[in-house]
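>>> Prediction below, plus the sequence it came from.
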Amino acid sequence: MKPIKQAQRYAKALIRNVGVENAPKALAELSLINDLMVKSKEFKSFLVNPRFTPEEREAVIKQLADKLKLSEGTAKFILLLAEQRVIVALSDLIRYATNLYYEMKKKAKVTVISPIEITKDKEEKIKASLKKITDKELDIEYVVDPSLLGGILIKIGSTLYDTSIKGQLRLLKDELIKG
């Protein structure tokens, strides 16, 4: 089975086993391990390489879990992923599990990108407008990107709303090229 398909399967299993209420903590802990894998090729190799025995992996993961204060369930899940050779798709698994969590909680992850800091008054207006569009509870992250000339970019899941000047100019260019 392909790692991405397995990642989807294990993401569902993770949410089912830890429960919706404990999912944010489990996802944060898995993200720590994923960050370690990205930063350290040796650590990733250790988890992936079949030359290491399950006992060796277990000992290292237990030490790591103690140091990072990971839950016992997360440590066991990491060992399972390593044994099943799904650990290489951990970032995909985290993404799928996060999406499942948001669906189950009827929430939406929103990123608002603007060229300047958004005031609290504008934040409330944006939140109210987005709540009407999505009809979900929102988890909004505000990002300042000075490279935008004006307007804002709003990303809801995989949908992007581009009201920036740069985006509008790009649309105008496309229309002119089409004729």
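Ah, there it is. Numbering: from 1, shown residues only.
>>> For the rest of this, base every contact and every neighbour count on C-alpha atoms.
OK.
>>> Can you pull out the low-pLDDT segments for the chain?
1-3 (pLDDT under 70).
>>> quick one: the spatially most central residue of the chain from Glu42, how far?
With distances taken as C-alpha atoms, centre = their mean, the residue of the chain nearest its centroid is Arg95 (4.3 Å). Arg95 sits 23 Å away from Glu42, going by C-alpha to C-alpha, to the nearest Å.
>>> about what we covered before: could you say which helix or strand holds the residue nearest to the centre of the chain?
helix 90-104 (DSSP states H and E).
>>> so how many other residues sit close to Gln8?
The local packing of Gln8 (other C-alpha atoms under 10 Å) involves 19 other residues.
>>> same for the helix or strand containing it, what does it pack against?
Using DSSP H and E, Gln8 sits in helix 3-18. Counting contacts by 3 or more C-alpha pairs under 8 Å, 6 or more residues apart in numbering; DSSP states H and E, helix 3-18 packs against helix 23-39, helix 90-104.
>>> now with 10 Å?
helix 23-39, helix 72-83, helix 90-104 (3 or more C-alpha pairs under 10 Å, 6 or more residues apart in numbering; DSSP states H and E).
>>> how about it: buried residues?
Of the residues in helix 3-18, those buried by neighbour count under the rule 16 or more other C-alpha atoms under 10 Å are 3-4, 6-8, 10-12, 14-15.
>>> what does stretch 97-107 give?
97-102, 107.
>>> What of stretch 147-159?
Result for stretch 147-159 [16+ other C-alpha under 10 Å]: buried residues 148, 151-156.
>>> Kindly report the same for stretch 54-62.
So for stretch 54-62, counting by 16+ other C-alpha under 10 Å, buried means 57-58, 61-62.
>>> Repeat that for stretch 118-126.
So stretch 118-126, judged by 16+ other C-alpha under 10 Å, has zero buried residues.
>>> Run the chain-centre distance for it.
25 Å (C-alpha atoms, centre = their mean, to the nearest Å).
>>> ditto for stretch 48-66
Worked out by C-alpha atoms, centre = their mean, stretch 48-66 lies 25 Å from the chain centre.
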